[in-house]
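**Student:** Next input, structure requested:
(2 chains)
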Number of protein chains: 2
Amino acid sequence: MAITNKIENFRMQVNEAFVNKAEALRPRLLEKEVTPRRLVKILPQGEDYRAEYAAPAEALGTMPLGRGGRVCLDFGDHQVGYVSLRLTATGSPPDAPAWVRLKFGEIPYEIAADSSAYHGSIAKGWIQEEFLHVDSFPAVISLPRRYAFRYMELYVIDTSPKYQLLLGDVRCVSVSSADPAAVTPLPTTDPALLRMDQVSLKTMQDCMQLVFEDGPKRDRRLWIGDLRLQALTNYVSFRNNDLVKRCLYLFAGLTQNEGRVGACLFLEPKLQVDDTSLFDYSLFFVSCLHDYYEATHDAATLQELFPTADRQIELSLQELDDSYVVKDKNTWWCFLDWAEGLNKQAGAQAILIYALKQARLMAKWLGDERKAAAYADWIERTTQGALEKLWDEGKGFFLSGSEGQISWASQVWFVLAGVFPREKNAALLKHLIAENPPLSMVTPYMYHHFIEALFQSDLPELAKKYLQGYWGRMLEDGADTFYELYDPENKAASPYGDRLANSFCHAWSGTPAYFIRKYMQ
Amino acid sequence: MAITNKIENFRMQVNEAFVNKAEALRPRLLEKEVTPRRLVKILPQGEDYRAEYAAPAEALGTMPLGRGGRVCLDFGDHQVGYVSLRLTATGSPPDAPAWVRLKFGEIPYEIAADSSAYHGSIAKGWIQEEFLHVDSFPAVISLPRRYAFRYMELYVIDTSPKYQLLLGDVRCVSVSSADPAAVTPLPTTDPALLRMDQVSLKTMQDCMQLVFEDGPKRDRRLWIGDLRLQALTNYVSFRNNDLVKRCLYLFAGLTQNEGRVGACLFLEPKLQVDDTSLFDYSLFFVSCLHDYYEATHDAATLQELFPTADRQIELSLQELDDSYVVKDKNTWWCFLDWAEGLNKQAGAQAILIYALKQARLMAKWLGDERKAAAYADWIERTTQGALEKLWDEGKGFFLSGSEGQISWASQVWFVLAGVFPREKNAALLKHLIAENPPLSMVTPYMYHHFIEALFQSDLPELAKKYLQGYWGRMLEDGADTFYELYDPENKAASPYGDRLANSFCHAWSGTPAYFIRKYMQ
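**Tutor:** Next up is the predicted model:
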C-alpha cells in the first residue's frame, strides 16, 4: 500500500480573513550563532555508529585537505539553522576548481551512511548533503538552505595535485521561534528526569519555527497530528500560544474540498494545504481547538473556529455504516501509526468518539446546548456501534477490520476515547500488556498515546516505566533530540525503506516534557 | 613523472605599470542569448557516443520528469556562457526537495560518461556537473558558474512520489571578446575548407574571453604556449590585437623569481602568475612579442617589453652545457607535447635557437645592433652545439637525451629553428615521414608545428594532406570546435589518465584558419 494519498479533484478553499489572522501572528525567529565544539571521528558501534573525539575545533586551521580528505565537526548539540564557512587554499595557486561534499547529520549514522545507496520510498532530496564547486579562494560560503544537524562533514572529492583546502570560520546561525527563557525549570534534581525533560524541550524548540514543524530535517511542515502534541507540550513549557493560534487559523483558512481540514500545510512557495487527507488528522482539528481553549480560554478564537471543527465532525459522520461504525478502506485513509499491516478501522472509530466528546465540550463552552445534545447523540450511537461491532468480550479486546485484527493502537485509542470507565480501561491496558499482541507500536507518536492512556487510567507507575523504557533508551543511545521512529530492537527501522530518510528530531516524539510537567510533579 | 612542476622558493614579481596597462585593455565581453535547438538521445557509436534527434525543444513543456527521469538538450553548437533555467512542479504540491544533476558536455561522451568512475590525475572538479536541491517551485535557477558545452543534461535523481518536474526557459548567455564581424570571409566556395575555417574560428572565438584562455572548459586561463598560436590566428581573423597586447603586458608584469615569464597566469581571485615554469614556454614570450610586432608594428610596446624578452633569453642561456647544448633534466621542465616518454632536450635546443633568431630580429627593429650581434653569436654557438652533439648524419635525425631518442617533435622544431637550409629541411621532413619514428605527435599543438614546418619547407601539398588527415578527421568525428587532444586511432587518449578531463575546445588546436588564411589562399 502506498503511504501517500491524494484527494480526488483536489482544490483548496481559502478563507482570506483566517489566513490574514494567521499571518499577523507570524513569529519572529530567534537567532543564535553556534560554532563547532570539537572534531570527531565517526566509528561503527554495533549496528549503529558513534562520534568519538578526534581533536579540538581549533585543529582545523592546521589540517590541509586534498583529494579524499575529510573532517567531521561536532556542534555539541542539535542545531536548526544556516551554515557558513570559509575555504582557503594552501600550496600552489589553485589551478582547478575544488569539488567538495558537505554532509549534515542529526546523528552519526547519517554521516557514515553512503547516500548513493539510498533505496527509500520517499524523496532522496531529504538527505542533507550538498556538492559544491569552488572556483576562487578564499571562498566564504553561506549555504542558502536550512539544515537540521549536530554533525557536519566536509569531504574533499578533489582539489588538484597542486593545492589543498583549509576549512575555517564554520558557524551556524540557529533559528527557532521558541524562547527557552519562557520555560519554568523543573522542581527536581533527578538527573534522569531533567535530561529527559531537556531533550524533549530541545526537540520541541527545534521544531518551533514559522509554524510548528513536524521535523526540521523532514518534512519541515505543519502536520496536524504533530501540532496536537506540540501544542500540548507547549502549554506546559514555551507557552507560545500565539503560534498554536496561528496554526489553527492556517488549517481553518486553507481547507480542502468540502471544507475538510488537510493533513498538512506548506508555507513555500505559498501558503497551501496539501492534497493528503487522513480521517484521524482532520478530526484532530477538533482536538487542537479544544486543547487550545482549555489552555488559553481564548473565547473569540473558539467561537470563530468552532464551525471548522464542527465541519470535520460532519464529514467524519458521513463515513459511518448502518451500525454507526467507521467503514474500513483499502487505502492509506487514516494514520494512527506506521506499524506495518495495522488496520485502522477501530482506531478511527475511537478517535471519532474522542473528538465528538471534545466537540461536545466546546459546544457547551460556547453555550450551544442544541449542538452539544446532537454530539451527545452521536457519542451514544458510535459508542454503541463500537461496543457491538468491535468489542470482543471473550478476547477482551477491540477488533479492527474484516479480519478482526487485535492491535495495540486500537486498544489505546479506545481507552483515550473513554468508552469504558477508568477501572475497565486500566484492566484493558494491563490485559494488552500481558497479551502483547504482535501488532505493536512503532513510533514515539503511538507510544505517546499509550503513556497518556496509562496516566489517564491511574497507572502512573506503568506510564513511567514505559516512558523510561522507550524514551530513556533513546537517551542511552545518545539522542540529543527525540527520533521520529525508534525501535530499541531494530535501529534500522524505517517506514520509508531506508533509515537515512528518518527524522531524528521530531515533534511527535518530544512529549516527555508534557508528561513530566503534567503528571509527574 | 608528475606532469606538474613548482618553481623553488616561488615568489611573484609585479610591475605595476605593466599590469595597469594590461588592465586598461581589459575587453568587454560580447553577449549572445542562445536557446536549445532540439532534444537528443546520447547513443553509443563504436567506442564513442553520438547525439541523435529525439524531439523538438518545445517538447520539454510536456515532459514531466520524476525519479530517474532525464532529458538532454542540444544547443546546436559549442557555447561558453551562463545558463539559466526554470523548474516547475506538476502533480500534487511538492512535498520534498527535488534533487537534480545537471551535466554540461562539449561532446556527447561527457554526457554519457559516469563521472563517479573518473580516475584521472588532474582535478575532478573540471567535470562540468552540478547537483542541486530545489526546495520551492517554480524555481528560476541562474547557475553562477560558466560552462563550455553544446549538450546539457538534466537528470532527476529524485522528486517525490507525489510530483514531477517540468524543465523550461532554458537559455545560455554566451560570452566572448572576439567579434565574428571582424573576420574577412574566405574567398572560396570549397565547403570542406570553409567548414575547417569556421570550426577553427569558433574554437578561437570561444577561447577569447578576458584573456586568451587555453580552453573554456579547462584550464580557463592564460597559457603562453596557447597564446602564441592564438595570436597568430587572431592576426589573420579577429584582429583583436589589443587582447594580445594585454596578455603580453600581463606576462611581463607578473613574473616569477629572477624575472622569469611563467607558463601561465590566473585572473581569479587576483591576477597572479602560476609557480609552473617551462623552458620552452618562457622563451615563447620572445616569440609572442616578435609576432605581435610583425603583425602590428607597435614600436612602443616592442620597446617597452623587449627587456622582458631579453631576460628570457638570458635565463635560458644559463641552462647550456659546455657544448652550448641545453642540459637535459629528469623533471617536467619543458613541454613540447604530451607524447609519453618524449625527451625534451633536442626540442628545447631548437626552440632556443628559434627564439634567439626572433630576438635578433627585434633587436634590429629597435636599432640595437650590439644586442643583435650578441644574439647572432649565441645563434652560431647553439647551432654548432646542436649539429655537433644532437645531429646524427648517419641516421639523418636529431637525437635527444642521453639515450639518443629520435622523435617527431625534435625534427619538427629543428626545421622551424632553421638550422638547415630549406631544401635540407624538406628532406628531413620527408625522411621523418618515411621512417615514422614511434615517438610521434599526440596533440594538435604539436601537429600545428609539423604543418607549419611543412609549409615553411615548401611542402604545401603534404601540409594540406596532414591538415586534412588530422583536423579533417576531427570534423568527420563531429567536432564543433577542435579538441585539445586527438588521436584518430584512440578516441580515449588522454595525458590525464581519463578522457573526461580533456578539453574539447582548445586554443592550441584552432590554427587551421591560420594555415588556410596564410598559406592556402
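**Student:** can you map out the helices along chain A?
**Tutor:** Ranges of helices within chain A are A:16-24, A:108-112, A:191-207, A:224-235, A:241-253, A:279-296, A:299-317, A:345-365, A:369-389, A:408-417, A:422-435, A:444-456, A:460-476, A:512-519, based on DSSP state H.
**Student:** Adding mean pLDDT, write those out as TSV.
**Tutor:** Formatted as TSV, these follow (pLDDT from 0 to 100):
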stretch	mean pLDDT
helix A:16-24	98
helix A:108-112	98
helix A:191-207	98
helix A:224-235	98
helix A:241-253	98
helix A:279-296	98
helix A:299-317	98
helix A:345-365	98
helix A:369-389	98
helix A:408-417	98
helix A:422-435	98
helix A:444-456	98
helix A:460-476	97
helix A:512-519	98
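**Student:** Please produce CSV containing those helices, extended by mean neighbour count.
**Tutor:** (Glycine included, C-beta is placed from N, CA and C.) CSV is the format used below for those (neighbours: other Cβ atoms under 10 Å in any protein chain shown):
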stretch, mean neighbour count
helix A:16-24, 15
helix A:108-112, 23
helix A:191-207, 21
helix A:224-235, 25
helix A:241-253, 23
helix A:279-296, 23
helix A:299-317, 18
helix A:345-365, 24
helix A:369-389, 16
helix A:408-417, 27
helix A:422-435, 16
helix A:444-456, 24
helix A:460-476, 17
helix A:512-519, 22
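**Student:** To B:Ile351, which of those helices lies closest?
**Tutor:** Closest of the helices of chain A to B:Ile351 is helix A:108-112, at 52.7 Å (criterion: Cβ to Cβ).
**Student:** what packs against the closest one?
**Tutor:** Applying 3 or more Cβ pairs under 8 Å, 6 or more residues apart in numbering or on different chains; DSSP states H and E, one finds that helix A:108-112 makes contact with strand A:38-45, strand A:48-56, strand A:98-105, strand A:147-158.
**Student:** For the first one, buried residues please.
**Tutor:** Buried residues in strand A:38-45, defined by neighbour count with 16 or more other Cβ atoms under 10 Å in any protein chain shown: A:38-40, A:42.
**Student:** and chain B, which of those residues reach it?
**Tutor:** For chain B, no contacts are drawn from the buried residues of strand A:38-45 by Cβ under 8 Å from any Cβ of the partner chain.
**Student:** Out of the helices of chain A, which gets nearest to B:Gly66?
**Tutor:** Using Cβ to Cβ and comparing the helices of chain A, the one that lies nearest B:Gly66 is helix A:108-112, at 24.7 Å.
**Student:** Start and end of stretch A:486-506, how far apart?
**Tutor:** 11 Å (Cα to Cα, to the nearest Å).
**Student:** Oops, could you answer that again for stretch A:62-71 instead?
**Tutor:** 12 Å.
**Student:** Identify all contacting residues around it.
**Tutor:** Here stretch A:62-71 makes contact (Cβ atoms under 8 Å, 6 or more residues apart in numbering or on different chains) with A:39, A:60, A:90-91, A:153-159, A:161, A:163-167, B:124.
**Student:** Neighbours of the nearest residue to A:Arg239 once chain neighbours are set aside, how many?
**Tutor:** Spatial nearest neighbour of A:Arg239, chain neighbours left out: A:Ala182 (5.4 Å); criterion: Cβ to Cβ, 6 or more residues apart in numbering or on different chains. When neighbours are counted by other Cβ atoms under 10 Å in any protein chain shown, A:Ala182 registers 11.
**Student:** In this model A:Asp242 seems to touch A:Ala182, though I could be wrong.
**Tutor:** No - contact criterion Cβ atoms under 8 Å: A:Ala182 and A:Asp242 do not qualify, at 12.0 Å.
**Student:** ok, what's across the strand from the nearest residue to A:Pro64 once chain neighbours are set aside?
**Tutor:** Closest residue to A:Pro64 apart from its sequence neighbours, by Cβ to Cβ, 6+ apart: A:Gln164 at 3.6 Å. When bridges are called by DSSP bridges, A:Gln164 pairs up with A:Thr90.
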